[in-house]
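Colleague: just a sequence and a predicted model for now, questions to come.
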Amino acid sequence: NAGVTQTPKFQVLKTGQSMTLQCAQDMNHEYMSWYRQDPGMGLRLIHYSVGAGITDQGEVPNGYNVSRSTTEDFPLRLLSAAPSQTSVYFCASSYGAGYTFGSGTRLTVV
Amino acid sequence: GEDVEQSLFLSVREGDSSVINCTYTDSSSTYLYWYKQEPGAGLQLLTYIFSNMDMKQDQRLTVLLNKKDKHLSLRIADTQTGDSAIYFCAEILVGNNRLAFGKGNQVVVIP
(Lines give C-alpha, C1' and ligand atoms only; values in the text may rest on other atoms or scores of the structure.)
Protein backbone atom coordinates (compact mmCIF):
# COMPACT_ATOMS: atom_id res chain seq x y z
CA ASN A 1 0.00 0.00 0.00
CA ALA A 2 1.29 3.41 -0.93
CA GLY A 3 1.82 5.80 1.93
CA VAL A 4 4.08 6.80 4.79
CA THR A 5 5.40 4.06 7.07
CA GLN A 6 6.70 4.85 10.52
CA THR A 7 8.52 2.46 12.82
CA PRO A 8 8.38 1.65 15.64
CA LYS A 9 4.81 2.36 16.75
CA PHE A 10 5.75 2.43 20.43
CA GLN A 11 9.05 2.91 22.21
CA VAL A 12 10.20 3.41 25.79
CA LEU A 13 13.65 4.90 26.33
CA LYS A 14 15.71 5.68 29.37
CA THR A 15 17.02 9.21 29.79
CA GLY A 16 20.28 9.58 27.88
CA GLN A 17 19.67 6.76 25.42
CA SER A 18 19.71 7.40 21.70
CA MET A 19 17.44 6.04 19.04
CA THR A 20 16.24 6.59 15.50
CA LEU A 21 12.63 6.87 14.44
CA GLN A 22 12.23 5.58 10.91
CA CYS A 23 10.04 7.10 8.21
CA ALA A 24 9.69 5.83 4.66
CA GLN A 25 7.42 6.82 1.80
CA ASP A 26 6.89 5.23 -1.59
CA MET A 27 5.14 8.08 -3.37
CA ASN A 28 8.31 9.75 -4.66
CA HIS A 29 7.48 12.92 -2.72
CA GLU A 30 10.27 15.45 -2.46
CA TYR A 31 9.00 17.12 0.72
CA MET A 32 9.10 15.26 4.05
CA SER A 33 8.71 16.49 7.59
CA TRP A 34 8.60 15.45 11.23
CA TYR A 35 6.12 16.75 13.81
CA ARG A 36 5.65 16.14 17.47
CA GLN A 37 2.26 16.21 19.12
CA ASP A 38 1.79 17.14 22.75
CA PRO A 39 -1.53 17.61 24.59
CA GLY A 40 -2.93 21.10 24.09
CA MET A 41 -0.03 22.06 21.80
CA GLY A 42 -1.18 20.75 18.44
CA LEU A 43 1.50 19.51 16.08
CA ARG A 44 4.81 21.32 15.99
CA LEU A 45 7.33 21.01 13.20
CA ILE A 46 10.70 19.55 14.22
CA HIS A 47 12.63 19.27 10.93
CA TYR A 48 11.79 19.12 7.29
CA SER A 49 13.42 18.28 3.98
CA VAL A 50 12.66 19.60 0.50
CA GLY A 51 14.60 16.82 -1.22
CA ALA A 52 17.44 14.35 -0.88
CA GLY A 53 20.48 15.95 0.70
CA ILE A 54 18.58 19.01 1.96
CA THR A 55 17.21 19.44 5.48
CA ASP A 56 16.20 22.39 7.61
CA GLN A 57 14.96 23.16 11.10
CA GLY A 58 11.36 23.68 12.09
CA GLU A 59 9.93 25.23 15.26
CA VAL A 60 11.33 22.76 17.82
CA PRO A 61 14.56 21.21 16.45
CA ASN A 62 16.65 21.04 19.63
CA GLY A 63 17.62 17.51 20.63
CA TYR A 64 16.84 16.03 17.21
CA ASN A 65 18.88 15.35 14.10
CA VAL A 66 17.74 14.36 10.61
CA SER A 67 19.31 13.32 7.36
CA ARG A 68 17.91 12.68 3.90
CA SER A 69 20.20 10.45 1.87
CA THR A 70 17.39 9.13 -0.34
CA THR A 71 14.02 10.45 -1.50
CA GLU A 72 12.24 7.60 0.28
CA ASP A 73 13.68 7.80 3.81
CA PHE A 74 13.76 10.54 6.42
CA PRO A 75 14.91 9.21 9.80
CA LEU A 76 14.71 11.27 13.00
CA ARG A 77 17.47 10.76 15.55
CA LEU A 78 17.31 11.47 19.25
CA LEU A 79 20.91 11.81 20.37
CA SER A 80 20.36 11.77 24.14
CA ALA A 81 16.73 11.27 25.07
CA ALA A 82 15.15 13.49 27.72
CA PRO A 83 11.75 13.20 29.45
CA SER A 84 10.69 16.40 27.62
CA GLN A 85 10.86 14.39 24.41
CA THR A 86 8.02 12.13 25.53
CA SER A 87 5.51 12.71 22.77
CA VAL A 88 3.79 11.28 19.73
CA TYR A 89 5.83 11.76 16.58
CA PHE A 90 4.35 12.01 13.10
CA CYS A 91 6.17 11.88 9.82
CA ALA A 92 4.62 13.35 6.69
CA SER A 93 5.41 13.54 3.02
CA SER A 94 3.87 15.88 0.51
CA TYR A 95 3.64 16.88 -3.10
CA GLY A 96 2.41 20.43 -3.41
CA ALA A 97 -0.43 20.89 -0.96
CA GLY A 98 -1.26 17.19 -0.62
CA TYR A 99 0.09 15.87 2.67
CA THR A 100 0.18 12.20 3.75
CA PHE A 101 0.87 11.36 7.38
CA GLY A 102 2.25 8.23 8.96
CA SER A 103 0.38 6.54 11.79
CA GLY A 104 2.72 7.90 14.44
CA THR A 105 5.31 6.72 16.96
CA ARG A 106 4.45 7.02 20.64
CA LEU A 107 7.68 7.63 22.55
CA THR A 108 8.05 7.63 26.32
CA VAL A 109 11.31 8.70 27.95
CA VAL A 110 11.68 7.67 31.58
CA GLY B 1 4.34 34.37 12.30
CA GLU B 2 3.01 30.84 12.31
CA ASP B 3 0.23 31.12 14.82
CA VAL B 4 -2.98 29.24 14.13
CA GLU B 5 -5.49 29.75 16.94
CA GLN B 6 -8.22 27.37 17.99
CA SER B 7 -10.46 27.07 21.02
CA LEU B 8 -9.81 23.92 23.00
CA PHE B 9 -13.04 22.11 23.93
CA LEU B 10 -16.59 21.71 22.67
CA SER B 11 -19.37 19.42 23.85
CA VAL B 12 -22.44 18.85 21.70
CA ARG B 13 -25.50 16.65 21.86
CA GLU B 14 -25.92 13.92 19.29
CA GLY B 15 -27.99 15.19 16.37
CA ASP B 16 -27.13 18.85 16.94
CA SER B 17 -24.76 20.85 14.75
CA SER B 18 -21.26 21.65 15.97
CA VAL B 19 -19.09 24.53 14.85
CA ILE B 20 -15.34 24.67 15.32
CA ASN B 21 -13.48 27.91 14.74
CA CYS B 22 -9.93 28.76 13.82
CA THR B 23 -7.98 31.91 13.03
CA TYR B 24 -4.79 31.94 11.04
CA THR B 25 -2.08 34.49 10.42
CA ASP B 26 -0.66 33.98 6.95
CA SER B 27 -2.99 35.95 4.69
CA SER B 28 -1.29 34.49 1.63
CA SER B 29 -2.01 30.87 2.59
CA THR B 30 -3.19 28.94 -0.44
CA TYR B 31 -4.82 25.96 1.24
CA LEU B 32 -6.49 25.57 4.61
CA TYR B 33 -7.25 22.16 6.05
CA TRP B 34 -9.29 20.40 8.67
CA TYR B 35 -7.89 17.20 10.16
CA LYS B 36 -9.59 14.77 12.53
CA GLN B 37 -7.79 12.68 15.12
CA GLU B 38 -9.64 9.97 17.00
CA PRO B 39 -8.21 8.74 20.32
CA GLY B 40 -4.92 6.93 19.85
CA ALA B 41 -5.07 7.30 16.08
CA GLY B 42 -3.25 9.27 13.42
CA LEU B 43 -4.42 12.27 11.44
CA GLN B 44 -7.26 11.95 8.98
CA LEU B 45 -7.73 14.67 6.39
CA LEU B 46 -11.38 15.68 6.60
CA THR B 47 -11.58 18.44 4.07
CA TYR B 48 -9.70 21.42 2.72
CA ILE B 49 -10.53 24.71 1.08
CA PHE B 50 -8.59 26.71 -1.45
CA SER B 51 -8.07 30.32 -0.53
CA ASN B 52 -10.05 31.68 -3.48
CA MET B 53 -13.21 30.01 -2.15
CA ASP B 54 -15.38 31.19 0.71
CA MET B 55 -17.40 28.03 1.28
CA LYS B 56 -17.12 24.32 0.65
CA GLN B 57 -19.70 21.68 1.46
CA ASP B 58 -18.97 17.97 1.67
CA GLN B 59 -21.85 15.85 2.96
CA ARG B 60 -22.27 16.79 6.65
CA LEU B 61 -19.28 19.11 6.62
CA THR B 62 -19.35 22.80 5.71
CA VAL B 63 -16.20 24.88 5.67
CA LEU B 64 -16.45 28.67 5.74
CA LEU B 65 -13.51 30.92 5.01
CA ASN B 66 -13.45 34.63 5.82
CA LYS B 67 -10.21 35.88 4.29
CA LYS B 68 -10.69 39.43 5.51
CA ASP B 69 -10.74 38.29 9.15
CA LYS B 70 -8.49 35.24 8.53
CA HIS B 71 -11.16 33.07 10.08
CA LEU B 72 -11.92 29.46 9.18
CA SER B 73 -14.77 27.38 10.54
CA LEU B 74 -15.97 23.81 10.26
CA ARG B 75 -19.64 23.00 10.76
CA ILE B 76 -20.65 19.39 11.31
CA ALA B 77 -24.35 18.80 10.76
CA ASP B 78 -26.25 16.05 12.62
CA THR B 79 -23.28 15.36 14.88
CA GLN B 80 -22.83 11.67 15.70
CA THR B 81 -20.91 9.84 18.43
CA GLY B 82 -18.28 8.88 15.83
CA ASP B 83 -17.51 12.57 15.43
CA SER B 84 -15.97 12.67 18.92
CA ALA B 85 -12.34 13.53 18.23
CA ILE B 86 -9.78 16.30 18.18
CA TYR B 87 -10.05 18.58 15.16
CA PHE B 88 -7.07 20.52 13.88
CA CYS B 89 -7.07 23.33 11.40
CA ALA B 90 -3.89 23.84 9.43
CA GLU B 91 -2.56 26.22 6.81
CA ILE B 92 0.07 25.89 4.13
CA LEU B 93 2.65 28.64 4.54
CA VAL B 94 3.44 30.30 1.24
CA GLY B 95 7.09 30.28 0.32
CA ASN B 96 8.19 27.15 2.13
CA ASN B 97 5.21 24.80 1.76
CA ARG B 98 5.22 24.08 5.48
CA LEU B 99 2.02 22.97 7.17
CA ALA B 100 1.26 24.90 10.36
CA PHE B 101 -1.31 23.46 12.78
CA GLY B 102 -3.59 24.95 15.37
CA LYS B 103 -3.59 23.49 18.88
CA GLY B 104 -6.69 21.44 18.20
CA ASN B 105 -10.26 21.47 19.39
CA GLN B 106 -11.61 18.47 21.29
CA VAL B 107 -15.20 17.67 20.41
CA VAL B 108 -17.19 15.42 22.72
CA VAL B 109 -20.55 14.19 21.47
CA ILE B 110 -23.06 13.41 24.20
CA PRO B 111 -25.57 10.65 23.29
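Modeller: That came through, no problem.

Colleague: is the nearest residue to A:Tyr64 once chain neighbours are set aside in a helix, a strand, or coil?
Modeller: In this structure, A:Tyr64 finds its nearest non-sequential neighbour in A:Ile46, 5.3 Å apart by C-beta to C-beta, 6 or more residues apart in numbering or on different chains. Just so you know, the C-beta spots here come from the backbone N, C-alpha and C atoms, and that holds for glycine as well. With DSSP: H, G, I helix; E, B strand; the rest coil as the basis, A:Ile46 sits in strand.

Colleague: isn't A:Ile46 up against A:Gly63?
Modeller: No - distance between A:Ile46 and A:Gly63: 9.1 Å, which falls outside the contact criterion (C-beta atoms under 8 Å).

Colleague: so for those two, which residue has more residues nearby?
Modeller: Remark: of A:Ile46 and A:Gly63, A:Ile46 carries more neighbours, 23 against 14, as counted by other C-beta atoms under 10 Å in any protein chain shown.

Colleague: please, where are all the helices along chain A?
Modeller: Here chain A has no helices by DSSP state H.

Colleague: okay, and the helix or strand of it with the least pLDDT?
Modeller: When each helix and strand of chain A is scored by mean pLDDT, DSSP states H and E, strand A:98-101 comes last, with a mean of 89.

Colleague: run the chain-centre distance for it.
Modeller: With C-alpha atoms, centre = their mean, to the nearest Å as the basis, strand A:98-101 stands 13 Å off its chain's centre.

Colleague: and residue 71, how many neighbours?
Modeller: Went with chain A since none was named. Neighbour tally, A:Thr71, other C-beta under 10 Å: 18.

Colleague: oops, wrong one, chain B.
Modeller: When neighbours are counted by other C-beta under 10 Å, B:His71 comes out with 14.

Colleague: ok so, going back, contacts for the least confident helix or strand of chain A, please.
Modeller: Strand A:98-101 is contacted by residues A:3-4, A:25, A:27, A:29, A:90-94, B:33, B:42-43, B:45, B:99 when judged by C-beta atoms under 8 Å, 6 or more residues apart in numbering or on different chains.

Colleague: do that again at 6 Å, thanks
Modeller: A:Gly3, A:Val4, A:Phe90, A:Ala92, A:Ser93, B:Gly42, B:Leu43, B:Leu99 (C-beta atoms under 6 Å, 6 or more residues apart in numbering or on different chains).
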